[in-house]
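S.K.: sequence-free structure coming up:
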Ligand SMILES: Nc1ncnc2c1ncn2[C@@H]1O[C@H](COP(=O)(O)OP(=O)(O)OP(=O)(O)O)[C@@H](O)[C@H]1O
């Protein structure tokens, strides 16, 4: 993205952001609450349109696409939202299978609600996030951390090229947080893609990402290789804490 600004009425969430994420990169976005991290991800997945500037995602401008073209792009971009966007009363298998809706026909998606499709792949994804055997539980009966892992499993079955993750480990203990970040980075790597992740925890960012982008008041004030940064430096500068 080049010179991207996002304005909500009088307030500016992003202000002149230049950011290029190359194939194979794992980029952490850090910044205090309200700095614009979620907005940056929303611009990258096309759910928020830039007020000005230009955006290219996997070669396309999401704001210029409609219908089938937009669905195709969305199937190639996987997002873990801060609010997980799971459907609580549905079984885990259905929420995980939602990751494949972009590549399924309408009738197949509807049929899958009655007779879940691709169950072996869902079971394998749940296994990888430490939720083996939870396929048929109601999603809203799981803990917050378990629901966060259901959202990760949804991404694993989607197999996107670009992975956008907004605080994907916020409800996980340190060991599970490392597992989650390893899975996300691996997923992006499998398809030759990239990972862009908003992370509150600077240690997690430095352990799992190659590059750190820091936002203050919607502006990029840091864009540096992770190897040149320290946890203490990020904590004191950005006011982000573990
Ligand atoms: N839909 C909206 N309408 C109005 N203002 C918004 C909207 N979404 C975000 N903002 C404002 O834009 C700014 C950036 O918000 P954003 O959610 O991107 O920050 P963030 O860095 O992700 O914060 P957090 O870490 O708390 O999630 C904030 O000042 C916020 O109040």
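M.R.: Perfect, I can see it now. What you see is a predicted model; the values in this text were computed from it and never measured.
S.K.: only the buried residues of stretch 94-108, if you could.
M.R.: 94, 95, 96, 97, 98, 99, 100, 101, 102, 104 (16 or more other C-beta atoms under 10 Å). In short, each C-beta sits where N, CA and C put it, glycine included.
S.K.: what residues are up against the second one?
M.R.: Applying C-beta atoms under 8 Å, 6 or more residues apart in numbering, we find residue 95 in contact with 86, 87, 139, 150, 151, 154.
S.K.: sec struct for it, please.
M.R.: helix (DSSP: H, G, I helix; E, B strand; the rest coil).
S.K.: remind me which residues of this protein are low pLDDT?
M.R.: 239-242 (pLDDT under 70).
S.K.: centroid-nearest residue for it?
M.R.: residue 165 (2.0 Å; C-alpha atoms, centre = their mean).
S.K.: so that residue sits in a strand?
M.R.: Yes. According to three-state DSSP, residue 165 belongs to a strand.
S.K.: residues contacting it?
M.R.: Contacts of residue 165 (C-beta under 8 Å, 6+ apart): 41, 79, 80, 184, 195, 196, 197, 198.
S.K.: I only care about the contacts of residue 95 that end up buried; give me the PyMOL line for that.
M.R.: Filtering these down to the buried ones (16+ other C-beta under 10 Å) takes a single PyMOL command:
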select buried, resi 86+139+150+151+154
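S.K.: pick the one among the contacts of residue 95 closest to residue 124.
M.R.: residue 154 (13.1 Å; C-beta to C-beta).
S.K.: give me the three-state assignment for that closest one.
M.R.: helix.
S.K.: leaving out chain neighbours, which residue sits closest to it?
M.R.: Spatial nearest neighbour of residue 154, excluding adjacent residues (C-beta to C-beta, 6 or more residues apart in numbering): residue 99 at 3.9 Å.
S.K.: the one you found looks like it's in a helix, true?
M.R.: Yes. According to three-state DSSP, residue 99 belongs to a helix.
S.K.: which ones are touching it?
M.R.: Counting by C-beta under 8 Å, 6+ apart, residue 99 has contacts 78, 153, 154, 155, 156, 157, 158.
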